[in-house]
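# Output the structure for:
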Amino acid sequence: MITLDRLVNVLGGYGVRLCGDPAARSAWLRSVAMPDPADRRATGDLLLAVGAASPAEAVRWAAAARATAVLVRPAPTGGDADEAAATGGDADEAAALGDRHGVAVLLADPEVSWSQLAGVVYGLVLESRETASGRGPTDLFALADSLADVIGGAVTIEDRHSRVLAYSRSQQAGDPARLETILARRVPDRLRELLQRRGVLARLAAAEGPVFVPAEAGHGLTGRMAVAVRAGRELLGSVWVSCERPLTGAHRRALADGARTVALHLLRSRASADLERQVESDLVIRLLEGSADAATTISRLGLAPQAMRVIAVRASTPDDRHAALLLAFEQATTGFGWSRPGRSALLGDTLYTVLPAERAGAARQWIAALRGELPAGVRVAAGIGAPAEVAELPAARQEADECLALHESAAPGAVPPAYDESWDDILLRRLRAVARAGRAPSRGPVPTLLRHDARHGTRFVDTLRAWLAAQGDLTLAAERLGVHPNTVRNRLRRMGELTPLELDDGRKRLALTIVLAAVEDEPRP
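Next comes the predicted model:
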């Protein structure tokens with residue numbers, strides 16, 4: 001059971017569009033029907049119009065089946081221009097007919113097969129209540145074993161990011177490269193670079209059938225036969241078989257057929273995961289923005305009402321910021337809901353995770369695990385809010401954002417800061433922001449000393465900062481500056497001649513400390 005609106009959101013990733021804006025968007029879909037000449041009374045909430053010659057015929061079938069919505073797949077056409085024109089016409093016709101008959105019309109991409117569409121729809125409508133138990137592509141291991149038995153070589157199934165989804169237990173024609181890939185759960189960077197240099201990945205993405213990869217003894221790689229896994233025009237992943245020479249005949253056909261079966265598995269799994277991610281994301285965003293029913297929302301997320309931390313993450317590469325962030329979100333939400341410690345949402349250019357944790361170390365471990373699952377070259381910056389109760393999560397999100405900004409400006413390799421450990425740095429950052437906005441005093445002791453240092457090359461500001469940090473201890477201040485205590489004393493005297501410091505006044509010392517902290521990173525005038 002699923003609402004039409006959610007079905008449309010998930011199927012949109014497979015090229016399905018809702019034509020028109022019927023009032024049925026909020027309707028629940030509990031059953032699926034297909035045209036059957038042997039059963040004229042077949043009914044269902046969603047009709048798959050297999051065999052319909054036109055949207056008009058599909059809508060008539062849907063009305064007869066008392067369906068809330070109908071899924072129509074236009075026949076593929078010969079050319080891109082013709083296809084675009086035909087699809088646009090179908091969309092206009094479908095929208096008008098749907099509005100007239102009160103049926104929501106879903107128009108599919110002609111390149112996506114009915115078997116793939118049906119697999120996704122049946123999984124969403126009939127099995128959406130079981131998405132938590134159906135997330136992982138566990139049957140892919142059985143499929144890999146079956147393919148290995150038929151073809152006679154070790155099989156590995158990977159997603160589009162070269163991460164291992166499943167592999168056969170058979171080690172026939174297995175090699176060190178395969179073992180390393182399975183242990184790391186992804187193709188090692190050196191092997192991926194080799195495949196890119198040889199043009200294998202480009203050929204695999206463009207080819208309709210299997211591609212042979214010759215052996216490379218230096219990398220522990222025997223021969224491979226690989227085939228792309230697609231849904232229409234979209235690349236979902238690939239299937240790899242260890243073999244010494246190119247497959248032919250029945251073995252080649254078995255590999256191609258296996259790729260189509262893998263596509264169905266991946267579509268079903270991804271649709272289920274996408275739906276679960278949508279629900280999770282909506283609930284997490286509601287918590288971070290301040291929900292009146294926060295306790296109910298936490299319960300729906302499967303989290304206990306305990307101390308939690310908000311983690312804010314940004315992932316990027318020199319070439320593309322968005323792809324790395326989406327990959328991080330996908331990784332953060334991969335796995336069974338009950339087996340993941342946190343719940344995540346993608347909001348703007350930031351990944352937020354609500355993690356049950358009292359200690360900042362647990363949040364840092366989560367960040368390290370996420371970074372370890374991302375490809376080499378992805379830069380991850382993160383900030384951690386202080387422990388918070390459910391009602392305090394919006395404030396914890398702001399804390400995580402400020403810690404994230406602090407981490408992004410830190411040196412490479414710096415530990416992600418946590419607000420309860422770095423609140424002083426956050427406060428100073430806020431003060432500097434105020435100074436940059438022109439709200440710090442432009443006249444007074446510190447601006448006067450800054451101008452004097454700039455004009456005469458003196459070190460009055462550094463000396464004053466060191467003396468205040470040493471709480472008036474001349475010897476300690478001199479050690480920090482690398483000068484004699486008398487030098488510090490003389491500089492303080494000369495500063496007092498330039499501007500009234502009044503260092504015996506505690507409020508004045510506090511004010512000087514704040515202004516110096518606010519302008520610490522500012523360029524000298």
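# CA atoms for contacts and neighbours, from now on please.
Fine.
# Leu370 is in contact with Ala332, correct?
Yes: counting by Cα atoms under 8 Å, Ala332 does reach Leu370; the two are 6.8 Å apart.
# Comparing these two, which residue is more hemmed in?
Ala332 (22 against 16; other Cα atoms under 10 Å).
# now the host helix or strand of Leu7, how far from the chain's geometric center?
According to DSSP states H and E, Leu7 maps onto helix 4-11. Mean C-alpha position of helix 4-11 versus that of the full chain (Cα atoms, centre = their mean, to the nearest Å) differs by 20 Å.
# buried ones in it?
Going by neighbour count (16 or more other Cα atoms under 10 Å), the buried part of helix 4-11 is Leu4, Arg6, Leu7, Val8, Asn9, Val10, Leu11.
# Identify the residues contacting that helix?
For helix 4-11, contacts defined as Cα atoms under 8 Å, 6 or more residues apart in numbering pick out 16-18, 24-29, 69, 106, 124, 271, 274-275.
# Any of those buried? List them.
Here, 16+ other Cα under 10 Å leaves Val16, Arg17, Leu18, Arg25, Trp28, Leu29, Ala69, Leu106, Leu124, Ala271, Asp274, Leu275 buried among those.
# Just the mean pLDDT for stretch 406-417, thanks.
The pLDDT scores in stretch 406-417 average 91.
# sorry, that was for stretch 65-75
If you average the pLDDT values across stretch 65-75, you get 85.
# What of stretch 298-309?
85.
# Show me what counts as buried in it.
Applying 16+ other Cα under 10 Å to stretch 298-309 flags Ile298, Leu301, Leu303, Ala307, Met308, Arg309 as buried.
# Out of those residues, the closest to Ala144 would be?
Distance ranking of these against Ala144, using Cα to Cα, places Leu301 first at 33.5 Å.
# could you say what helices and strands the biggest helix by length in the chain packs with?
Assignment by DSSP state H gives helix 249-288 as the longest helix of the chain. Packing partners of helix 249-288 (3 or more Cα pairs under 8 Å, 6 or more residues apart in numbering; DSSP states H and E): helix 4-11, helix 114-127, helix 139-151, strand 224-231, strand 234-242, helix 294-300, strand 343-347, helix 393-408.
# Nearest to Pro416, out of those?
Using Cα to Cα, the helices and strands packed on helix 249-288 put helix 393-408 closest to Pro416, at 6.0 Å.
# Tell me what angle that closest one forms with helix 249-288.
When axes from the mean of the first three to the mean of the last three Cα atoms, to 10 degrees is applied, the directions of helix 393-408 and helix 249-288 differ by 120 degrees.
# Beyond the helix holding Leu7, next helix or strand please.
Next along the chain from helix 4-11, counting by DSSP H and E, comes strand 17-19.
# can you pull the contacts of Ala228?
Counted by Cα under 8 Å, 6+ apart, Ala228 has contacts Leu204, Ala205, Ala207, Glu208, Gly209, Pro210, Leu235, Leu236, Gly237, Ser238, Val239, Ala259.
# I'd like those written out as CSV, with neighbour count added.
Output for the contacts of Ala228, formatted as CSV (neighbours: other Cα atoms under 10 Å):
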residue, neighbour count
Leu204, 19
Ala205, 19
Ala207, 12
Glu208, 13
Gly209, 16
Pro210, 23
Leu235, 16
Leu236, 19
Gly237, 24
Ser238, 26
Val239, 27
Ala259, 25
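# Same list (the residues you listed) but as JSON lines, adding pLDDT.
Shown next, in JSON lines, are the contacts of Ala228 (pLDDT from 0 to 100):
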{"residue": "Leu204", "pLDDT": "89"}
{"residue": "Ala205", "pLDDT": "86"}
{"residue": "Ala207", "pLDDT": "85"}
{"residue": "Glu208", "pLDDT": "82"}
{"residue": "Gly209", "pLDDT": "87"}
{"residue": "Pro210", "pLDDT": "92"}
{"residue": "Leu235", "pLDDT": "84"}
{"residue": "Leu236", "pLDDT": "86"}
{"residue": "Gly237", "pLDDT": "90"}
{"residue": "Ser238", "pLDDT": "93"}
{"residue": "Val239", "pLDDT": "94"}
{"residue": "Ala259", "pLDDT": "88"}
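# mind showing which ranges of the stretch 351-500 of the chain have poor pLDDT?
Flagging of the stretch 351-500 of the chain using pLDDT under 70 yields the residue ranges 435-442.
# Phi, psi for Ala69 please.
phi -140, psi 160 (degrees, to the nearest 10).
# and it, bridged to which residues?
Beta-bridge pairing of Ala69 under DSSP bridges involves Leu46, Ala104.
# where along the stretch 301-450 of the chain do the helices fall?
Counting by DSSP state H, counting those that start in this stretch, residue ranges of the helices within the stretch 301-450 of the chain are 321-332, 360-373, 393-408, 419-436, 445-456.
# what's the closest of these to Asp349?
Comparing the helices of the stretch 301-450 of the chain by Cα to Cα, helix 321-332 comes nearest, at 7.4 Å.
# got the contact list for the closest one?
For helix 321-332, with Cα under 8 Å, 6+ apart as the criterion, the contacting residues are 314-317, 344-346, 349-351, 370, 373-374, 378.
# closest to Val483 among those?
Nearest member of the contacts of helix 321-332 to Val483, counting by Cα to Cα, is Arg314, at 43.6 Å.
# Next one: that closest one from Ala49, what distance?
Relative to Ala49, Arg314 is positioned 43 Å away (Cα to Cα, to the nearest Å).
# cool, Ser31 as well?
14 Å.
# Just list the residues touching Leu48, thanks.
By Cα under 8 Å, 6+ apart, the contact list for Leu48 reads Val32, Ala33, Met34, Pro35, Val70, Leu71, Val72, Ala118.
# again with Ala62
Leu47, Ala49, Thr68, Ala69, Val70, Val103.
# closest to Gln365 among those residues?
Looking across these and measuring by Cα to Cα, the closest to Gln365 is Ala69, at 46.2 Å.
# Okay, the closest one and Ala108: tell me how far apart.
Distance from Ala69 to Ala108, by Cα to Cα: 13 Å.
# Repeat that for Phe141.
Distance from Phe141 to Ala108, by Cα to Cα: 30 Å.
# So between those two, which is more surrounded?
Ala108 (24 against 18).
# Identify the residues contacting the more buried one.
Tyr14, Gly15, Val16, Arg17, Leu71, Val72, Arg73, Pro74 are the contacts of Ala108 under Cα under 8 Å, 6+ apart.
# Skipping adjacent residues, who's closest to it in space?
Leaving out its chain neighbours, the residue that sits closest to Ala108 by Cα to Cα, 6 or more residues apart in numbering is Val16, at 4.2 Å.
# confidence score at the one you found?
84.
# follow-up on the earlier one: which of the helices and strands packed on helix 249-288 is buried the deepest?
Most buried of the helices and strands packed on helix 249-288 by mean neighbour count (mean count of other Cα atoms under 10 Å) is strand 224-231; its value is a mean of 25.
# Mean confidence (pLDDT) on that strand, please.
89.
# I'd say the residue nearest to Ala108 and Glu111 touch.
No: applying Cα under 8 Å, one finds Val16 not in contact with Glu111, separated by 10.8 Å.
# Distance check, the residue nearest the centre of the chain against Val313.
The chain has Phe329 as the residue nearest its centroid, 1.9 Å off, counting by Cα atoms, centre = their mean. To Val313, Phe329 is 9 Å away according to Cα to Cα.
# Next: Glu111.
36 Å.
# Give the residue from these two that has the larger number of neighbours.
Using other Cα under 10 Å, the more surrounded residue of Glu111 and Val313 is Val313, with 25 against 17.
# Excluding residues flanking it in the chain, which one is nearest the more buried one?
That would be Ala382: by Cα to Cα, 6+ apart, it lies 4.4 Å from Val313.
# In contact with the one you found, which residues?
Going by Cα under 8 Å, 6+ apart, Ala382 touches Ile311, Ala312, Val313, Arg314, Ile367, Ala400, Cys403, Leu404, His407, Glu408, Pro416, Pro417.
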